[in-house]
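Enquirer: predicted coordinates and the sequence they were generated for:
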Amino acid sequence: MSESWKQLCAVAATALAVIVGADIALARLAPPRQLREVQDGVADLRSKNPDTLVLGSSHARTLHVLGGELERRTGGAQTLVAVPLENGKLVAYDWLLKNKLEPLVDATDGDGHPAKSRLRRLVLITEWWDSCPRDHDSPYWNLPARAWTFDDFLADVARDGINGFNRNYLQNRLRRIFSGSSLVYDRTQQVLVKYLVQAARHQPLGPTREEVALTTTQWQAMVEHGANCIGDAKQMQALADISEFAAARHLEMTILLFPRKPATLNERSRQTTLPQFAALVRGFAAPRGIRVVDLTTTAPVGDDDFMEDFDHINAVGNKKFASWALEHDLGFLLQPAPPPVSSMAQGNGP
Amino acid sequence: MSQALRKSLIDWLDDNYHFGDAEGLIGGDDDKSFLQNGILSSLGFVELLLFLDKSFGVRIERKDISPANFDSLNKIMNYVLAMPSYRGPR
Amino acid sequence: MSFVEVEFAFFLPLVLIAYWLLPRARVAQNSLLLVAGWLFYASWNWKLLSLLVFGALLDFAIGRSLGSRSLGDVDARGRRMLALGVSLVWNLGALAYFKYSGFFAQSFNELMTAIGIGASLPVLHVILPLGISFYTLQRVGYVIDVYYERQKPSQSLLDFLVFAGFFPQLTAGPIARGAELLPQLAQPRQLTPKLLASAAGTFLLGYMLKAWVADTVGTTFVDPVFANSDQYSSGLHWLAMLGYATQVFADFAGYSLLAIGTARFFGLELPINFDAPFISKSLPEFWRRWHITLNRWLFDYIYNPLVAGSGWFRGRFYSALILVFLASGLWHGAAFTFIVWGLMHGIGMAVQRGWDEWYRGLCRKDRKYVTLRKSALYGLLAWGLTQLYFMLSLIPFRAGSLADAAGFARHMFVSNGNVTLSIGTMSALDDLLCVLAVVLLHLLELPRLRRFRDTFFAMPAPLRGAVYGVLIVYLFLFVPVGASTFIYRQF
């Protein structure tokens, strides 16, 4: 085979054109979504001086939308930074707090004053899942995937070599580089082939009725069985560490129990998992003076306000939730937090 | 080059592998690679070496036991004829 | 680090760009390859990198020592043999320790227990250094070639260290000869469009086989049946066996092509490792087409010297064949299943030889048997038997234990299992495409059909580009997500 540079470039250019063209065409079926991640939250915390820091799983993205509404309603007087960690778990939140957020929270300016002088509140978004241990005690892969920076990756490789755990860091980086690509995005969703078949058959795109029924059953079973695993010792210790972090910095802490899609809850889980977890959290929070806001079933978000993954609130639902929450259970965010007790005792209060 | 030796080698190839077709496979090109043209496989080379020893007294040195040294009629004949122990036709 | 893992997507472009930005000089290029090779290895385990480097330094020194006196120098014979011995003891000793000490100790203990003796050896659980089965053979081959003056010893430590730790072949071969790689390393490499095109094409084909074919077929209808043999019907067992043959070929041939393609990106040629083995019409032919570099090593360094040498094995073809394939089985793994696999092929090769000898006798008496041997029917029967035997031998190769292998084999003929494999339509079509891809690759190697391959490469560049583009889009959609298990990495 003889090949000249011109021919080679022609081959490469055509191949690339086909790939990009297919990518653009397939994006009409399943557009890639650029989601807010830990590094976006960290960047915001670095550059801003918020009043409230929100920490939680992917559900913290909903509070990011709420933060926009908060800023709008208060004319910027109250601001919020949300740091979402996909896949959750209290131990993982604690790692994130200590390793990535604490240095920023505790940073001082050139005169030795706190850089985050306005920070008064910490809101932890959680649900029953966060207090269960990881399946088979598997490692917290969401940390390398979503929360690590390059030096964390290097340190882990130096200790253990590249392995299935720390490889998540690189996979996530590569995905972010190609975040605009529907083909790359589909590697995490795997719906394009199904949608192509549906489109060819002139069927509506999305899960079939049978798939929805199966997924509903699976979710209900998972939530129901959550009663058997909530309150894991390691997770609860992490929660205690998070609360101590807040207490040491005189931050008013709130634990927000996030809404679940109604269809994922059967009667049994409404009687066991949910109230048991709520009681667990209240029992933890009360002696520590931590506010608990339980929106698991009380927020006016219905099944249609959730995405096809049965877990996350969609864009319309986020706006609905934000508006409602600021008028109800999260209305306290509209007002500045009361000054810390220690500064009041020293006569530094209003 | 020894035609008699050549005939012995062709006869051996015919008797063991090609049954009259060896000359046709070689096609007049005594440099044609045995391995690449299916004339003799790598397993067959060892049998060739034993035949050379038995028939012509050529004990192949261990360092030379490699198909590369015996991969064509000419290579075989050059090697064999150069061996002091060779006692076959010239 | 594996070619299909994400880290390679970062590693290769960075190293490649740096390599071709360097001056086209041997020292610069080889220095980069050396650093890249060590980083590649260290990314797996930096501590065991020292084993690789020490062994390479030792063999370089031994090579130089052997080269300083000739094979015919009687006074130096003892010293040369000692040098060779040191290399063999170190290399094979390290391989034996890391790979086999646990197995032999455990087997010894089980034997002692079985005969009622309480003695037991400690069973060490050591990390198997990545690639040790491959780089050991490559270095041992070099030292033996230098000893027998088939190869001049390398005078450049840099070149030799790259030879001993060239990252594309470090994990699982192909096993190269000194004569193949060292002369290339001694010259600066130039970047040409033909080189890039060939490297990219080979890499893409390798990726297709390894990440798409092997992983698709493996997860769909091989793993489930082997994992729960008693649940599936006999028919599904045969399908799983066929699937595993496809999987192991695609996995390892794919890996080899990825290695060859990667090396080619740097202007270096590695030997081919697979040559359409599923068109083989005999076991010897099969082993000339499957894992070529290992089998040529075994035959060049063990079989040929034994059978053509002056020891007990001289002329004892059958015994030597069985021994060589036992060695091959053991090389593949420290387990009785691999020993059984090796024994099956040793016996198969011996039976093939016996058949060939007997048939030769018929041919000598009557030429009709020569004609029969060249007939399509004979060819078809020979092909069918060869492929069937190879696939049956994969049962102990794949099974976790001899008991599992026996169970699987039994269920191929008698099974009460009735669980069906739940595969969606698209998955089934994808599986079929995988198998067809392997079939097509083999068909295109047949002399009569090779011209179709040439026709493709003669097509206008934009058309070829479009085909590659469609192929890559297909791979995006259908390559299974998740780390692929590289079957041969464990060796």
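Expert: Structure received.

Enquirer: how about the residue in the stretch 51-200 of chain C that chain B sits nearest to, what does it touch?
Expert: Closest approach between the stretch 51-200 of chain C and chain B, counting by CB to the nearest CB: C:Tyr148, at 3.4 Å. Just so you know, the C-beta spots here come from the backbone N, C-alpha and C atoms, and that holds for glycine as well. Residues near C:Tyr148 by CB atoms under 8 Å, 6 or more residues apart in numbering or on different chains: B:62-63, C:71.

Enquirer: what about the residue of the stretch 351-491 of chain C at minimum distance from chain B, which helix or strand?
Expert: Scanning the stretch 351-491 of chain C for the residue nearest chain B gives C:Val370, at 4.5 Å (criterion: CB to the nearest CB). When elements are defined using DSSP states H and E, C:Val370 is found to belong to helix C:368-373.

Enquirer: again, but for C:Ala428
Expert: Taking DSSP H and E as the criterion, the element that holds C:Ala428 is helix C:425-443.

Enquirer: which SS state does the most centrally placed residue in chain A fall under?
Expert: The residue lying closest to the centre of chain A (CA atoms, centre = their mean) is A:Ser58, at 1.9 Å. Put simply, A:Ser58 is coil when judged by DSSP: H, G, I helix; E, B strand; the rest coil.

Enquirer: residues in contact with it?
Expert: A:Ser58 is in contact with A:35, A:84-88, A:311-312, counting by CB under 8 Å, 6+ apart.

Enquirer: filter these by proximity to chain C?
Expert: Here nothing survives when the contacts of A:Ser58 are matched to chain C using CB under 8 Å from any CB of the partner chain.

Enquirer: where does the stretch 51-200 of chain C have low pLDDT?
Expert: Filtered on pLDDT under 70, the stretch 51-200 of chain C yields the residue ranges C:119, C:123-124.

Enquirer: the helix ranked longest in chain C: what's the following helix or strand?
Expert: The helix that spans the most residues within chain C, counting by DSSP state H, is helix C:26-67. Using DSSP H and E, the next helix or strand after helix C:26-67 towards the C-terminus is helix C:77-95.

Enquirer: quick one: that following helix near chain B?
Expert: No: remark: helix C:77-95 sits outside contact range of chain B, by CB under 8 Å from any CB, the gap being at least 11.8 Å.

Enquirer: pull the CA atoms of that helix into PDB?
Expert: Below are the C-alpha coordinates for helix C:77-95, written out as PDB (Å, rounded to 0.1, in the frame of the first residue of the first chain):
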ATOM      1  CA  ARG C  77      34.300 -22.800  27.000                       C
ATOM      2  CA  GLY C  78      33.900 -23.100  30.800                       C
ATOM      3  CA  ARG C  79      33.600 -19.400  31.300                       C
ATOM      4  CA  ARG C  80      31.100 -19.000  28.500                       C
ATOM      5  CA  MET C  81      29.000 -21.800  29.800                       C
ATOM      6  CA  LEU C  82      29.100 -20.300  33.200                       C
ATOM      7  CA  ALA C  83      27.900 -16.900  31.800                       C
ATOM      8  CA  LEU C  84      25.100 -18.600  30.000                       C
ATOM      9  CA  GLY C  85      24.200 -20.600  33.100                       C
ATOM     10  CA  VAL C  86      24.100 -17.400  35.300                       C
ATOM     11  CA  SER C  87      21.600 -15.900  32.800                       C
ATOM     12  CA  LEU C  88      19.500 -19.000  32.600                       C
ATOM     13  CA  VAL C  89      19.400 -19.500  36.400                       C
ATOM     14  CA  TRP C  90      18.600 -15.900  37.100                       C
ATOM     15  CA  ASN C  91      15.900 -15.500  34.400                       C
ATOM     16  CA  LEU C  92      14.300 -18.900  34.700                       C
ATOM     17  CA  GLY C  93      14.800 -18.900  38.400                       C
ATOM     18  CA  ALA C  94      12.900 -15.600  38.700                       C
ATOM     19  CA  LEU C  95      10.200 -17.000  36.500                       C
END
